[in-house]
Every structure is written in structure tokens, then in C-alpha cells.
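S.K.: dropping the sequence and predicted coords here.
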Protein chains: 2
Amino acid sequence: MEDQLTIGEVSRRTGVAASALRFYEEMGLIDSHRTVGNQRRYDRSSIRLISVIKAAQEVGLSLQQVADALSVLPHHRTPTKRDWSRLTTRWRSDLDKRIDELVALRDDLTNCIGCGCLSLRSCALFNSGDRAAAKGSGARYLVGDERPQTP
Amino acid sequence: MEDQLTIGEVSRRTGVAASALRFYEEMGLIDSHRTVGNQRRYDRSSIRLISVIKAAQEVGLSLQQVADALSVLPHHRTPTKRDWSRLTTRWRSDLDKRIDELVALRDDLTNCIGCGCLSLRSCALFNSGDRAAAKGSGARYLVGDERPQTP
DNA sequence: GTACAACTTCAAGTATGCTTGAAGTCAAGT
DNA sequence: ACTTGACTTCAAGCATACTTGAAGTTGTAC
């Protein structure tokens, strides 16, 4: 065994199915080179990359978003510390935002449990349209059933 | 306008498309009754329920999971405080878990940014297989590229 | 009483993220 | 050399979560 991994080895080590690895390659997320007999061989660094992909998915990014993010990495040379740093810094802020959203949701839920207000119109959970709307295009996840400024 | 909402009204107030509402109904997530002319009419309380569904999706639950969770609510009578409480308490712990996972991921990512270790084998991000594995069936999101106990 | 938007069902289509299967090729051990 | 498991491509299939479109019906406003 040289410093090259077969798709099976990569699959076993990452827990990602071989079919998924081929799919990722097709999507441009990872790459490999071929043996004379046309079989894929992976650098060890691919394992890292795949871990990062999985982490990003965990955060809730789509493969397309991951692909976009990865495009900041130089494809033709080994990424440097700085390259990775740029990427992970970006993701960290996505992650921060996502965590904040979930924490806000948790707080609402907690209040609602405390006050039993799911049957009440004053409940934060059901009047959080403003906060959600203020967040922008995503996350309009909660909408009140009262229209504050209507007849 | 009585205390009954048309599908269009519900759609506008929740931000959920009418087609999605029909879909939810088919999935057994929500229900409605019909006019003499076979059009759907919704109780105001449906808005609440739909908000809860959206919140649950935000947390990362599938519609099936939401359906399962909602099945604890009595379908034939108006849910009480206690009923809602049971549901939201359950989700809260899911949410807590999810937040913990993301926070752990963020910490790893932060460390990795600090140390630039994405090229190093000592990196927490790439050696967190144990922690991830210990979490159970979900979330095996990070796998090291070193096999600690192999030749 | 008629116009017209809003509703109805049902079938098919879309996007994402893969998996499965068929049919064939490669690599490594004996 | 031969076997056998691992690999290859390509097409089709699947689950989730809907959307779209066709063809027809309802409800409200004038």
C-alpha cells in the first residue's frame, strides 16, 4: 500500500459510501486520480476534505453550498493553512448564526413550556414573525396567528 | 368571515404554500373540515400547529418525525396545555442535543482555525471519531484519517 | 345571475442526495 | 493462469418535501 487510498479504503475510513464518494466527485467536491486500469486513487488529504464536507453538511449546508465554499480552495495546489482558515472562518460564522437561531427557538420553546401559552395569543413563539422577518430571507419559521396592525 | 380560514388565508398567514398545506394534510400533520362545496376550512388553531411544524423543521426534524411527535396530541379534542407541554418538552431536548452538537463542532472549528491544524494529524476536528461514535447512530460527522489502533 | 378569483383533485414533475443493479474490468493472492 | 473481491460506468430508482399543471367547481361581489 502506497500513500494512495482506494475508494473502498476511503469509504471505510470516512464512513461515506463509495457511491457517495463518486457522487461527490461528480459534483466537483472532491477529486481523485486514476490508476492505469482506471481505478480511483485518493490522496490521504482527501479524508480531511471529506470530513470537512460532512461537518459542513452537519451544519446544514447543501452540497452545492459546500462546493461553492470549497471553490475558494485552490484546486491545483495543496491548500495552505491560510486557505483552510478562510474556509473554516466563513463556516464558523454560518454556524454561529445557525446556533443563534436554534437558541432563540429554544428560548421561545422554553418560555412556552413555562407559561403553557401555546393556547394564548401573547406567546412569543406565536408572535415572533417580526424577529423572524428581520432575519432576512431564510428562517421565517414562526408566524403569529394574530395580525397586529389589521382591522 | 367567520372563525374559519380558507387555505389561502392560512397560507398567507403562515407563509406556507397552499400546496404544502394540502401535502401536510395528506401526511396527517394537520387537518381541516370542508364546506358544503368541498372547500377546506381551518380553525384558527391550525395556524399555531403549522407554526409548530415549521419550528420543528427548523430544528431539523423530518415531517415524519413531526407527525410522530404530533401523534401524542389528541386528534379528536383540542390539545390542552399539558398536551402541548409534553410535545414541546420533548422537542426541547432534541433541540438541546442539536445545539450541543453544533457548539461542539464550532469549538472544533475554532481550535482548528487557531492552530491551523487542518494539515496536522493532532487536530481535534480530524480525530473526533470517538466522540462522534459515542454519540450513537446519528452524527458521525467527523472521522480522523489516522487509525489509532492499527498496524 | 354572471364573472372571476379562489378553490378542488390527481398526476406528473423538480431538487437534493444519494443507492441499487447490470454488465463488465482490474488487482492481488495462490 | 486463474480466481475473486474490488473496482468501473451508466441508467434507473428512492425518499423527502414539495410544486406545477390540467381540468373542473365554488364562493363572493357586483
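M.R.: Sure, I can see it.
S.K.: so where's chain A shaky on pLDDT?
M.R.: Scanning chain A for pLDDT under 70 picks out A:1-2, A:75-79, A:111-151.
S.K.: doesn't A:Tyr42 make contact with A:Thr35?
M.R.: No - using C-beta atoms under 8 Å, A:Thr35 is not in contact with A:Tyr42; the gap is 11.5 Å. (C-beta placed from N, C-alpha, C; glycine too.)
S.K.: these two: which has the busier surroundings?
M.R.: The residue with more neighbours, out of A:Thr35 and A:Tyr42, is A:Tyr42; 24 against 10, by other C-beta atoms under 10 Å in any protein chain shown.
S.K.: confirm that that one sits in a strand.
M.R.: Yes - A:Tyr42 sits within a strand when classified using DSSP: H, G, I helix; E, B strand; the rest coil.
S.K.: quick one, helices of chain A?
M.R.: Assigned by DSSP state H, the helices in chain A fall at A:7-14, A:18-26, A:45-59, A:63-70, A:81-115, A:129-134.
S.K.: burial count for whichever residue of chain A sits closest to DNA strand C?
M.R.: At 2.3 Å from DNA strand C, A:Gly37 is the closest residue in chain A, using C-beta to the nearest atom of the strand. A count of nearby residues for A:Gly37, using other C-beta under 10 Å, gives 5.
S.K.: could you do the one 10 residues further on as well?
M.R.: As a burial measure, A:Ile47 scores 21 neighbours (other C-beta under 10 Å).
S.K.: so how far is chain B from it?
M.R.: 3 Å (C-beta to the nearest C-beta, to the nearest Å).
S.K.: doesn't A:Arg12 make contact with that residue?
M.R.: No - using C-beta under 8 Å, A:Ile47 is not in contact with A:Arg12; the gap is 10.6 Å.
S.K.: hang on, the earlier thing: OK, contacts around the residue of chain A closest to DNA strand C?
M.R.: Counting by C-beta atoms under 8 Å, 6 or more residues apart in numbering or on different chains, A:Gly37 touches no other residue.
S.K.: and what of A:Val103?
M.R.: A:Val103 neighbours (C-beta under 8 Å, 6+ apart): B:Ile99.
S.K.: ok, it to B:Leu102 distance?
M.R.: Noted for A:Val103: a distance of 10 Å to B:Leu102, by C-beta to C-beta, to the nearest Å.
S.K.: need the residues touching each of these two.
M.R.: By C-beta under 8 Å, 6+ apart, no residue touches both A:Val103 and B:Leu102.
S.K.: how much space between the closest residue to DNA strand D within chain A and A:Ile47?
M.R.: Closest residue of chain A to DNA strand D, C-beta to the nearest atom of the strand: A:Gly8 (2.5 Å). Distance check for A:Gly8 against A:Ile47: by C-beta to C-beta, it reads 13 Å.
S.K.: then A:Leu63?
M.R.: Distance, A:Leu63 to A:Ile47, using C-beta to C-beta: 18 Å.
S.K.: kindly report the same for A:Thr80.
M.R.: For A:Thr80, the distance to A:Ile47 - C-beta to C-beta - is 18 Å.
S.K.: A:Val36 too?
M.R.: 24 Å.
S.K.: now do the same end-to-end measure for stretch A:55-71.
M.R.: With C-alpha to C-alpha, to the nearest Å as the measure, stretch A:55-71 spans 17 Å from end to end.
S.K.: in that stretch, which residues are buried?
M.R.: Buried residues in stretch A:55-71, counting neighbours by 16 or more other C-beta atoms under 10 Å in any protein chain shown, are found at A:55-56, A:58-59, A:61, A:63, A:66, A:69-70.
S.K.: next, see if it gets close to DNA strand D.
M.R.: No - against DNA strand D, stretch A:55-71 shows no contacts by C-beta under 7 Å from any atom of the strand, the least distance being 12.2 Å.
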